[in-house]
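Novice: Everything below, folded, please.
(one chain, ligands or ions: 1)
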Amino acid sequence: MSESLKAAVTERLKQIKGPDLESDIITLGLVSDIFVSDGRVAFSITVPAERAQELEPLRQAAEKVVKEVDGIETAMVALTAERQAGAGKTPPPPPPPRPPVSAQARPAQEKAPAKPGVPGIKNIVAVASGKGGVGKSTTSANLALGLAANGVKVGVLDADIYGPSVPRLFNVSGRPEALEGRMLKPLEGHGIKVMSMGFMVEEETPMIWRGPMVISALTQMLREVAWGELDVLIVDMPPGTGDAQLTMAQQVPLAGAVIVSTPQDLALIDARKGLNMFKKVDVPVLGVIENMSYFLCPDCGSRQDIFGHGGARAEADRLKVPFLGEVPLTMKVRETSDAGMPIVISDPDGPISKIYRDIAEKVYAAINDDTGPTARAAPQIVFE
Ligand SMILES: Nc1ncnc2c1ncn2[C@@H]1O[C@H](COP(=O)(O)OP(=O)(O)OP(=O)(O)O)[C@@H](O)[C@H]1O
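Specialist: Take a look at the predicted model:
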């Protein structure tokens, strides 16, 4: 059945012209392995990196035609960048070796008195991505829940002004209650205190006004919210590496940053920009998480490396930043997130929750090195 569907999908893709607008993408050999299972299809299309943005309609067209095949319900199509001839063979020289993360964190913390800390909050960690849609918010939520499952006191601040996802992921809505003075009471979802730009800015606020509001709203969410005592505050950053993100990274007293990327070259190029952005503002990069790393077949549980899995790990090695783990592409991650019950709480004993808890443990270990001058008592971590 899946073989005949695969053939039907391949046949349909012959309708889609490649970037040269002459031959089709199948004849040009641009389509990866096509994975079909249970009405779902996933594959990638290779395009020149510099034309990726302009070729987004090609991706959409491919997705559209395969969804029209009888028996296909959902399609996951990704663009993959083609390396310049020779570029893959001669990568730029790696940067000089850097000390391990925990050691890197020290100088940054020591020489950054300009950013006052937030009373009660021991560590603020940014979760960032170079581009949108790589699963940054899903990762932030599951990372926070993984930390909480490990016994860490955690809060989540959703700084994504353009598409706040935390209200959906934590199933919370409404306005934060005003306490004494100017303080606001954070909302609570799944036992975790959360604040979101979505609670602060009216949904109808035109995008153009949102930019200037970001910094004041962010400062307010950090300093005028009754967070109480937290070991870690996770900040879900807006995607991208532009001025707004840079200013945010500068304004918030960050203990470190976690970068989320998918394995495709395009997302990796953007992730590299993210790494550089944090380097610029002297914030240690705690590591890289590869999301949608491989496709986990919901029926047979088999693993399919359709998107060239492993790219983020290789890139992290090359850039000498820790690799924190890989999360597969599965419908369960998507469905649970969309239902406001992220997988770490809806399936706490499942394999994916274990992946998130392991990542959480690595992140916590990286920010809590106990050998330096800023050593602090770590809360008890509960291992199952
Ligand atoms: N590992 C995964 N498997 C399947 N679906 C996933 C996975 N990670 C994220 N998704 C889905 O991908 C979509 C985008 O995820 P998410 O909103 O977390 O990305 P984002 O990078 O925060 O996007 P944006 O920056 O545009 O808000 C969501 O529908 C989410 O459920």
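
Novice: Let me see the ranges of the helices in the stretch 151-300 of the chain.
Specialist: 166-169, 197-200, 207-223, 243-251, 265-280 (DSSP state H, counting those that start in this stretch).

Novice: now the ones you listed as JSON lines including distance to the ligand and mean neighbour count?
Specialist: Any C-beta I mention is one placed from the backbone N, CA and C, and that applies to glycine too. Output for those, formatted as JSON lines (distance: least, CB to the nearest ligand atom, whole Å; neighbours: other CB atoms under 10 Å):
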{"stretch": "helix 166-169", "distance to the ligand": "8", "mean neighbour count": "24"}
{"stretch": "helix 197-200", "distance to the ligand": "11", "mean neighbour count": "22"}
{"stretch": "helix 207-223", "distance to the ligand": "14", "mean neighbour count": "15"}
{"stretch": "helix 243-251", "distance to the ligand": "11", "mean neighbour count": "17"}
{"stretch": "helix 265-280", "distance to the ligand": "10", "mean neighbour count": "20"}
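
Novice: can I get those helices in JSON lines with mean pLDDT?
Specialist: Output for these, formatted as JSON lines (pLDDT from 0 to 100):
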{"stretch": "helix 166-169", "mean pLDDT": "92"}
{"stretch": "helix 197-200", "mean pLDDT": "78"}
{"stretch": "helix 207-223", "mean pLDDT": "70"}
{"stretch": "helix 243-251", "mean pLDDT": "78"}
{"stretch": "helix 265-280", "mean pLDDT": "83"}
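
Novice: The closest residue to residue 76 other than its chain neighbours and the ligand: what is the separation?
Specialist: On the basis of CB to CB, 6 or more residues apart in numbering, the spatially nearest residue to residue 76 that is not a chain neighbour turns out to be residue 42, at 4.1 Å. Look at residue 42 and the ligand: by CB to the nearest ligand atom, to the nearest Å, they are 10 Å apart.

Novice: Residue 358 should be in a helix, yeah?
Specialist: Yes. Counting by DSSP: H, G, I helix; E, B strand; the rest coil, one finds residue 358 located in a helix.

Novice: name the helices or strands packed onto the helix or strand in which residue 312 is found?
Specialist: Per DSSP states H and E: residue 312 is located in helix 311-319. Using 3 or more CB pairs under 8 Å, 6 or more residues apart in numbering; DSSP states H and E, the elements in contact with helix 311-319 are strand 256-261, helix 265-280, strand 285-296, strand 323-329.

Novice: can you give me the strands in the protein?
Specialist: Using DSSP state E, the strands of the chain run over 35-37, 40-48, 74-82, 121-128, 154-158, 177-178, 184-185, 187-189, 192-196, 230-236, 256-261, 285-296, 303-304, 323-329.

Novice: averaging pLDDT over each of those, which comes out lowest?
Specialist: Mean pLDDT per stretch puts strand 74-82 lowest among the strands of the chain, at a mean of 73.

Novice: Remind me what that one packs against, helices and strands.
Specialist: Packing partners of strand 74-82 (3+ CB pairs under 8 Å, 6+ apart): strand 40-48, helix 56-67, helix 265-280.

Novice: Just the CA trace of the first one, in PDB.
Specialist: Written as PDB, here are the backbone C-alpha positions of strand 40-48 (Å, rounded to 0.1, in the frame of the first residue of the first chain):
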ATOM      1  CA  ARG A  40       1.300  10.900   6.000                       C
ATOM      2  CA  VAL A  41       4.100  11.700   3.600                       C
ATOM      3  CA  ALA A  42       7.400  13.400   4.300                       C
ATOM      4  CA  PHE A  43      10.300  14.300   2.100                       C
ATOM      5  CA  SER A  44      12.700  17.100   1.300                       C
ATOM      6  CA  ILE A  45      13.600  19.100  -1.800                       C
ATOM      7  CA  THR A  46      17.200  20.200  -2.400                       C
ATOM      8  CA  VAL A  47      17.500  23.800  -3.600                       C
ATOM      9  CA  PRO A  48      20.400  26.300  -3.900                       C
END
